[in-house]
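Peer 1: Return a 3D structure for these sequence lines:
(2 chains)
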There are 2 protein chains.
Amino acid sequence: MGRRGGRRFSYGTRSTVKSPSSLEFLAEALRRLPGIGPKSAQRMAYHLMQHDRDGAALLGRALAQAVERIHHCALCNTFTEAEICETCSDPERDAELLCVVETPADQLMIEQTLTYKGLYFVLMGHLSPLDGIGPKDIHLDKLVNRAGDGIVTEVVLATNFTNEGEATAHYISETLKTRGLKVSRLARGVPVGGELEYVDAGTIARAMLDRRAT
Amino acid sequence: MGRRGGRRFSYGTRSTVKSPSSLEFLAEALRRLPGIGPKSAQRMAYHLMQHDRDGAALLGRALAQAVERIHHCALCNTFTEAEICETCSDPERDAELLCVVETPADQLMIEQTLTYKGLYFVLMGHLSPLDGIGPKDIHLDKLVNRAGDGIVTEVVLATNFTNEGEATAHYISETLKTRGLKVSRLARGVPVGGELEYVDAGTIARAMLDRRAT
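Peer 2: The predicted model follows:
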């Protein structure tokens, strides 16, 4: 059945019943959402029209409003409705510390730990030469300007610990160090609550090398 | 890590960085889509704002247009932009046959087989007493009127072969038979391409009972 299952849809071009064009347009538009394929999009479109028209209207308004109002903070590049975001304009923040993250979601995760009181810079991505994403695409020139404002003394690199994130951190580190800034990286090691038996060897090796006196 | 992973988010209420309200509104609205939880909704909202603002604007327009234009066909109850849908107003269709399906998606699947030339009635659901969905909620009165128009001679029940779909078919069958209509059901049996070894016993039992002379 598995192999034949796919073939059934190929008959579709000769079908005589069509969805109304507004419904097809909606299903097509829903495919712009990340991770949503044609079948899911059609199911979502039918669901909204059948069970949740209020939800559809609400989502339509939310999208229009977000597109109109959301832009990047002039200082840290995160999403904001103002010229400068709330964090950057908070006088209680330590302006000498600048934490570099890949996305606003990462920024939110760090905030939720309640351990960091400095400012942020959001790259909106990571270096990925194979995908044609170079330093310009992730606003590195803007970061260099921001970090060189004369107030920032330490840049904390909090990009992901993936290959791309590590490479990005390395590149930024080299660029900023030549400008006399102190650059640090989040500690690598065994996760809190982690059992050694289930932690990968690379993480344990790193934790051993970076061991701390107690 | 698994158990602790969930706890991290509970710190969120004390967080000092917030997403801009339009972004929160968008993430909240995206949760109205079926199968989309809070994390997926946030990821989608960030993705749209970061990488596909055109897509967001397009989806917003598609939703508004669909809500405004799509309604139910006066005859068969499927989605349409006209008073009567294309299928119902097609004079080439055999008006003596009426096929009952649960959803417009099911109707589309039957059309794609190119084996049926009659008309349709779309229930927009199935009976589900436990969820409080009774005959009125799936437009059974409308179906009884439609089938009793004096032209329809046979009603083909093509609800799903799930418990709810079977119960719905049984209920409709009993209701329409008392009105002197011929009622049939899609054949049950081994799927085309199916290997007996991998077909469930219930299906094989039904195929044995319903075996046909060759």
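
Peer 1: right, is stretch A:62-73 up against chain B?
Peer 2: Yes - contact between stretch A:62-73 and chain B is present through A:62, A:63, A:64, A:65, A:66, A:67, A:68, A:69, A:70 (criterion: Cβ under 8 Å from any Cβ of the partner chain). For the C-beta atoms, the positions are set from N, CA and C on the backbone; glycine is no exception.

Peer 1: Not counting that stretch itself, show me its contacts.
Peer 2: By Cβ atoms under 8 Å, 6 or more residues apart in numbering or on different chains, the surrounding residues in contact with stretch A:62-73 are A:78-85, A:88, A:122, A:124, B:20, B:22-23, B:25-26, B:28-30, B:45, B:48-49, B:53, B:56-57, B:59-60, B:63-64.

Peer 1: does residue A:98 really touch residue A:155, like I thought?
Peer 2: Yes - Residue A:98 lies in contact with residue A:155 (Cβ atoms under 8 Å); the separation is 5.0 Å.

Peer 1: Which neighbours do those two have in common?
Peer 2: Between them, residue A:98 and residue A:155 share the contacting residues residue A:147, judged by Cβ under 8 Å, 6+ apart.

Peer 1: Could you list the domains of chain A?
Peer 2: Domain assignment for chain A by the TED database gives A:22-69, A:90-185.

Peer 1: taking those domains together, which one is wrapped up most tightly?
Peer 2: With neighbours taken as mean count of other Cβ atoms under 10 Å in any protein chain shown, these reach their highest mean count in domain A:22-69, at a mean of 19.

Peer 1: Kindly provide the whole-number mean pLDDT of it.
Peer 2: Confidence for domain A:22-69, expressed as mean pLDDT, is 93.

Peer 1: Could you pull out the strands in chain A for me?
Peer 2: With DSSP state E applied, chain A shows strands at A:71-72, A:79-80, A:94-101, A:118-122, A:154-157, A:182-185, listed in chain order.

Peer 1: What are the phi and psi values at the residue positioned nearest the centre of chain A?
Peer 2: Nearest to the centroid of the C-alpha atoms of chain A, with distances taken as Cα atoms, centre = their mean, sits residue A:103, at 3.4 Å. Recorded main-chain torsions at residue A:103 are phi -140, psi 160, according to degrees, to the nearest 10.

Peer 1: is it true that it touches residue A:120?
Peer 2: No - the pair formed by residue A:103 and residue A:120 falls short of the contact definition of Cβ under 8 Å, at 11.0 Å.

Peer 1: what's the single longest helix in chain A?
Peer 2: Using DSSP state H to assign secondary structure, the helix with the most residues in chain A is helix A:53-69.

Peer 1: chain center to it, what's the gap?
Peer 2: 22 Å (Cα atoms, centre = their mean, to the nearest Å).

Peer 1: now stretch A:26-41
Peer 2: The gap between the average C-alpha position of stretch A:26-41 and the chain average comes to 20 Å, counting by Cα atoms, centre = their mean.

Peer 1: Convert the C-alpha atoms of stretch A:67-75 to CSV, please.
Peer 2: Output in CSV follows, covering the C-alpha atoms of stretch A:67-75 (Å, rounded to 0.1, in the frame of the first residue of the first chain):
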residue,chain,number,x,y,z
VAL,A,67,3.9,42.6,8.9
GLU,A,68,3.0,46.2,9.4
ARG,A,69,4.4,46.8,12.9
ILE,A,70,7.4,44.4,13.5
HIS,A,71,10.9,45.5,12.5
HIS,A,72,14.4,45.1,13.7
CYS,A,73,15.8,47.1,16.7
ALA,A,74,18.3,49.7,15.5
LEU,A,75,20.8,48.6,18.2
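
Peer 1: which regions of chain A lie under the pLDDT threshold?
Peer 2: Counting by pLDDT under 70, chain A contains low-confidence residues at A:1-18.

Peer 1: Hmm, residue A:209 and residue A:203 touching each other?
Peer 2: No - with contact defined as Cβ under 8 Å, residue A:203 and residue A:209 do not form a contacting pair (11.0 Å).

Peer 1: Which one's more surrounded, those two?
Peer 2: Comparing residue A:203 with residue A:209 by other Cβ atoms under 10 Å in any protein chain shown, the one with more neighbours is residue A:203, at 16 against 9.

Peer 1: any idea how far that one is from residue A:196?
Peer 2: In this view, residue A:203 and residue A:196 are 10 Å apart by Cβ to Cβ, to the nearest Å.

Peer 1: Need the residues touching each of those two.
Peer 2: Counting by Cβ under 8 Å, 6+ apart, the residues touching both residue A:203 and residue A:196 are residue A:190.

Peer 1: Check the gap between residue A:161 and chain B for me.
Peer 2: Between residue A:161 and chain B the computed distance is 14 Å (Cβ to the nearest Cβ, to the nearest Å).

Peer 1: mind listing what that residue touches?
Peer 2: The neighbours of residue A:161, taking Cβ under 8 Å, 6+ apart as the test, are A:186, A:188.

Peer 1: Residue A:100 now?
Peer 2: Contact criterion Cβ under 8 Å, 6+ apart gives A:120, A:121, A:123, A:143, A:155, A:156, A:157, A:158, A:159, A:169, A:172 as the residues in contact with residue A:100.

Peer 1: same thing with residue A:20?
Peer 2: Residues counted as contacts of residue A:20 (Cβ under 8 Å, 6+ apart) are B:69, B:70, B:79, B:80, B:81, B:85.

Peer 1: With that, I have no additional questions.
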